[in-house]
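**Student:** what follows is a predicted structure for the sequence shown.
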Amino acid sequence: MVCVFGCILRFHGVPAEERLHWRSFLVKLGSENLKGSKNEELHVASHKSVSIVYTLIGDVCLYIVGKDEYDELALAEVIFAVTSAVKDVCAKPPTERLFLDKYGRICLCLDEIVWKGLLENTEKDRVRRLIRLKPPVEP
Amino acid sequence: MASGQDSSGTTLMDLITSDPSAAPTSGSGASSQPPSSGGGGGSVGSLLGKPTAAPADRKSKRGTLMQIQNETISAAKALNPPVSYAQLARSIHELAATCDQKSSQRQLVNSVFPKLAVYNSVDPSVAPSLLMLHQQCEDRNVLRYVYYYLARILSDNGSQGLSAAGGIPTPNWDALADIDAVGGVTRADVVPKIVDQLSAESSSDDVEFHARRLAALKALTSSSTSSSDMMEKLYEIVFGILEKVADTKQKRKKGIFTKQGGDKESIIRGNLQYASMSALRRLPLDPGNPAFLHRAVQGVEFSDPVAVRHALSIISEIAAKDPYSVAMALGALQDILHLHDVLARVYLAKLCHSISRARVLDQRPDIKSQYSSLLYQLLLDPSDRVCFEAIHCVLGKVDNSESTEDRAGGWIRLTREILKLPEAPSVASKGVLSKSSEKSSKARRPQPLIKLVMRRLESSFRSFSRPVLHAAARVVQEMGKSRAAAYALGAYDEGATLQAYSDNAESLDSDLENPMAEGTRKPNPLSNGHGGMDTIAGLLASLMEVVRTTATPDMAVTLLEIARIFATKVPGKIDADVLQLLWKTCLVGAGPDGKHTALEAVTIVLDLPPPQPGSMSGLTSVDMVSASDPKSAMALQRLVQAAVWFLGENANYAASEYAWESATPPGTALMMLDADKMVAAASSRNPTLASALTRLQRCAFSGSWEVGPLQMTIPLLYVFEALGNVRIRIAAVQALTTIAIRSGEPYRLQIYEFLHALALGGVQSNFSELQLSNGENQGASGTGLGSLISPMLKVLDEMYRAQDDLARDIRQHDNSKQEWNDEELKKLYETHERLLDFVSLFCFVPRAKYLPLGPTALCNYHVLTRSMLNCVDSAKLIEIYRNRHNISASGGLSDPAVATGISDLMYESKEAQKETGTMQSRIDPDLAMAWAAGLEDDVWANNAPAVDKVKDFLAGAGTDAPDVDDEEYMNSRPSVGYDDMWAKTILETYDAEEDDGRYSGGSSPDSTGSVETSISSHFGGMNYPSLFSSKPSSYGASQQTIREEPPSYSTSVLQKRESFENPLSGRDGRSFGSNEDEDKSSGNPQSGKALYDFTAGGDDELSLTTGEEVEIQYEVDGWYYVKKKRPGRDGKMAGLVPVLYVSS
């Protein structure tokens, strides 16, 4: 699974030489389709066997890319987990500034949601606990 | 140290590295820092010109601040020097040394670590400090970051910029080394230290720190998997943990019941299970290792949903390689059906698929059936994701590498298999289905898979969510692929049509395989992204394939719904021809009752409101048209045009009203000259056709499309609009003409009147109720339709005139008791042929059956000739002429020149057609030109293929003539009573049958071509959505479609023979026909039983009552030609019925 996130880029399983292409492809996709899009309205695209789900949250474009078992629907779940984590961290739809201020925490969230290219935790509470170094289920 | 970023990076960098306190910490409520503290706040404050006010105001102030801040980022940039990577690294070292102080911790968490995250890799020289923090610091937030960065150091494989993490490139480490306090630390130095420290931690059993243990384990899995030492260590740790926590069968029960309240021990065990299973999932698969599989199988019973998901995903991956051992190791999986985790159930579907398809398990059908039943149950899963995965699995799709056989088998499974839910009480008690009890009880009944799938797709296509729509579309695409595979292998039909089907399948496949190529030539409006249209193009084709095999009314309705959604939601995404095909399929599939509905669905498109500019509200309603830019407006317009055309082409079929099969009693038509009465009569007799007519008339008139503020606001769009309107009107007029030609009275007269009025202009008074006051002159002069209408009127004029002449002649002959002589008949025949040609230029009509001279059945005149016993109409007269001509040409019955005579006739008729073809353009070249010019392109001049096709058509039509002769011979034979002629007919029948064979088999592209002709001559110039156009390969499928479906009228004579019969010749003719059918049927007919009631929707269809025994003669494209044992209530013995209605 590849997860691209605003200025954070998380490429899992994408060859290094393709990353730039992916990046520009996604940027183009977003600039064509996200303008005027509603907040958190999901868009879908696909390229060969790869699915892309992307959305706009606040000022931030969010792209989730995946293949095989991570199809549109699974990616929609991932993007939902990510947006809710972002909103949780930023307390509202983020502006660019706010997003960058919370950047570290958002990275931690992502780290919990997608772990080595595989979807891990999608529950908000679980993610929230894990980024504070608490166990996923508290005794 | 200057960090060399590219331009995009600079902004980011500046934002990140500007003083953090420049931003008020408006975020996380947990933060104890007051907002607007520090120098940065001051700078913003100074820009505001006011200090921060009272707390009550703070909220709004903060909003203002945020806003202003965005604007003053550049100012802030100038004020705050950026923080470089080197500075960050240095502050980590400094703060690590004082990590016991709260302030250092705060600084680390709030500024240093977050900024460090921006860089795409972390320098190993910070590792010692991180490790120090790891050992000494106790603040959870700091530690979390420490684990995060340690993991990143571990995952770096040495070369910069290649890690999974992106971001700003980290400056060269070597350059950093000299300013670094630790200096000269390499990755090779630190990694073992990190690994040791983390392994020690993850192996420790201290309950208090088990959260850290989880994090350490997680960080460890980031280390590169290339080193075998590392792997061994990891396996050791993971299996060590699993050893302790996994094997807890007895205790687990307790865990389930006390899950939420939970004793501490079992919760901690659950967490450890989760962490170790997640770690195991990240390790390379070790299929040969029984311990690996054993632990994974144990994992299925863990209490943590994520752990179970990973366990199942491991198992399903192993099962793909070694299904046997997995099947042996696994126990009952029924409980997993109700797992909370969606992905877990997805993996379960994959697992079931691999096991149920495994060859090695052929000896154990019990296991296989158990797993396939599990898979089928997943079709009922509440999650779309799981259901779709299950459908993919049933269809035999695994990873695109599966063989055609697998796919074909998948299709057969999907269409044949039935889901029987086992009587497991647990299903009902805690099952996910128990949402509504009656639903679950309904779902418990055995159900055919295809039904479940179609129902699911139907509901999915109603979804507002793009991912769901998209995924459902892909499911349909896969269904199409599997079906194509099934046909390609001939697994689905065993008959003469095999070849055609495999062609079909190939073209379908090629269609699906190059979705990108298709996508590029489509308009590209803003919603749905690129992918949407790639699949939509292919998916609808597949959808139709599905429906065509399984043509039941229910599915047709579903499809219509889908078509409607596509047409309204994403007009730019759907090709008009695809939509038309879809409609057509539905029309055929919908059955007699559904036809009206199907036509209604088409008219919905006509009713679409003009696109509203700037309606950006997205998918708020299914019916809302998302056409917010000129491109989609154009696309929508094309759809409307297509709808109009479709109405014209198919209204007659839908209404079962044909001039050549008219239900109107002969003679009544001529009496209904009063227009008002006529309309009333028309609508009372055939509401479907009447409503279609009204709709088209309205379009031809005003086109509800012109109205709207759109034109004022977007001038560009206005041009398109206006253009489109003319086009829509043209299409509407053309459609009306088609209907007029094809319909019997009174519809023809009604349309004639209407067109006439339109041509004259000033029709407002007559049709005032149809007006939508758009303030425009609606006469033909305003619409520019006059020149277009005249040729159409001309046709109708000619037809009526010829009819009048005929009536007059007949009367004369009658009065003078005079027989028709050859000359007169010849004249009549020529008129007939000429009109037929004329008409054929406008639309396709079955030449054999169409009587441009009208069904002027004057039954009093049966004294005229010996051979005409019952009726005199144009058909009979022409037939007589043909007969005589034939006889005179052949000279004698035993004469070997019979065949030559026929060929002469063919030649002659060809000649005649060519002649009339040219004659026509000679007669009214102006009109013809006007027609062509009206289409805005020189159809005749530029569109050479179209002309060729016309010629082909004419040539091909010539071969119809002998068929017609034979038909007529057969029909008239009992009454004619020429015994010698009968003998001859038999002789000829062989020829005719050969002809037939060629006609329905090899030469059928010709008949397609004929349809093509009429359409391309109408629309070729307008870039009309090319339903039949000469797009070569990819639309092979659609051409096939045309040929196979009733509305195309390219009647395979074989099937239509029944309907050819003279109703008055009675049983004789019929039994003759069926005898012939017996001759034709390929030997041993299959017997079957009617599963449902079926009402015939056309002459060639056969009504069935449930339970009736029938003999299946052959299958044509989703329909069986069946014979009953005895005639049904309607007296018919044989006909077509949908395949699904008959058990074979």
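**Tutor:** Yes, it's here.

**Student:** now do the strands in chain A.
**Tutor:** A:2-5, A:8-10, A:43-47, A:50-57, A:60-66, A:114-115, A:118-119 (DSSP state E).

**Student:** got the contact list for the fourth one?
**Tutor:** Outside of strand A:50-57, the residues that reach it under the criterion Cβ atoms under 8 Å, 6 or more residues apart in numbering or on different chains are A:26, A:29-30, A:33-34, A:37-46, A:61-67, A:70-72, A:75-76, A:78-79, A:83, A:86-87, A:93-94, B:467, B:470, B:529, B:531. From N, CA and C alone the C-beta is placed, and that goes for glycine too.

**Student:** narrow those residues to those that are buried.
**Tutor:** Listed as buried from the contacts of strand A:50-57 are A:26, A:29-30, A:33-34, A:37, A:40-46, A:61-67, A:70-72, A:75-76, A:78-79, A:83, A:86-87, A:93-94, B:467, B:470, B:529, B:531; burial here means 16 or more other Cβ atoms under 10 Å in any protein chain shown.

**Student:** which stretches of chain A have low pLDDT?
**Tutor:** A:1-10, A:13, A:139 (pLDDT under 70).

**Student:** hmm, residue B:145 and residue B:109 touching each other?
**Tutor:** Yes: when contacts are counted by Cβ atoms under 8 Å, residue B:109 is listed as touching residue B:145 (6.8 Å).

**Student:** spit out the residues that contact those two alike.
**Tutor:** Here residue B:109 and residue B:145 have residue A:104 as joint contacts, going by Cβ under 8 Å, 6+ apart.

**Student:** looking at those two, which has the bigger crowd around it?
**Tutor:** Comparing residue B:109 with residue B:145 by other Cβ atoms under 10 Å in any protein chain shown, the one with more neighbours is residue B:145, at 27 against 20.

**Student:** quick one: residues contacting the more buried one.
**Tutor:** Residues in contact with residue B:145 (Cβ under 8 Å, 6+ apart) are A:104, A:108, B:108, B:109, B:113.

**Student:** which two of the residues you listed have the greatest separation?
**Tutor:** A:108 and B:108 (13.4 Å; Cβ to Cβ).

**Student:** for residue B:1108, give its distance to residue B:1142.
**Tutor:** Residue B:1108 sits 9 Å away from residue B:1142, going by Cβ to Cβ, to the nearest Å.

**Student:** now residue B:352
**Tutor:** Spatial separation of residue B:352 from residue B:1142 under the definition Cβ to Cβ is 32 Å.

**Student:** looking at chain B, which strand is longest?
**Tutor:** Chain B, longest strand under DSSP E: strand B:1109-1116.

**Student:** what helices or strands is that one leaning on?
**Tutor:** Contact analysis of strand B:1109-1116 by 3 or more Cβ pairs under 8 Å, 6 or more residues apart in numbering or on different chains; DSSP states H and E lists strand B:1086-1090, strand B:1119-1124, strand B:1134-1138 as its packing neighbours.

**Student:** distance to chain A, mean pLDDT and mean neighbour count added to those, as CSV?
**Tutor:** Shown next, in CSV, are these (distance: least, Cβ to the nearest Cβ, whole Å; pLDDT from 0 to 100; neighbours: other Cβ atoms under 10 Å in any protein chain shown):
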stretch, distance to chain A, mean pLDDT, mean neighbour count
strand B:1086-1090, 40, 83, 17
strand B:1119-1124, 35, 84, 23
strand B:1134-1138, 33, 84, 24
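
**Student:** in TSV: those, plus distance to residue A:117.
**Tutor:** Compiled in TSV, the helices and strands packed on strand B:1109-1116 are given as follows (distance: least, Cβ to Cβ, whole Å):
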stretch	distance to residue A:117
strand B:1086-1090	53
strand B:1119-1124	50
strand B:1134-1138	48
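
**Student:** list the contacts for residue B:137?
**Tutor:** By Cβ under 8 Å, 6+ apart, the neighbours of residue B:137 are B:96, B:99, B:100, B:105, B:143, B:146.

**Student:** so which of these are also by chain A?
**Tutor:** Applying Cβ under 8 Å from any Cβ of the partner chain to those, one finds that residue B:143 fall near chain A.

**Student:** buried among the contacts of residue B:137? Make that a PyMOL selection.
**Tutor:** In PyMOL, a selection of the buried entries from the contacts of residue B:137 looks like this (16+ other Cβ under 10 Å):
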select buried, chain B and resi 96+99+105+143+146
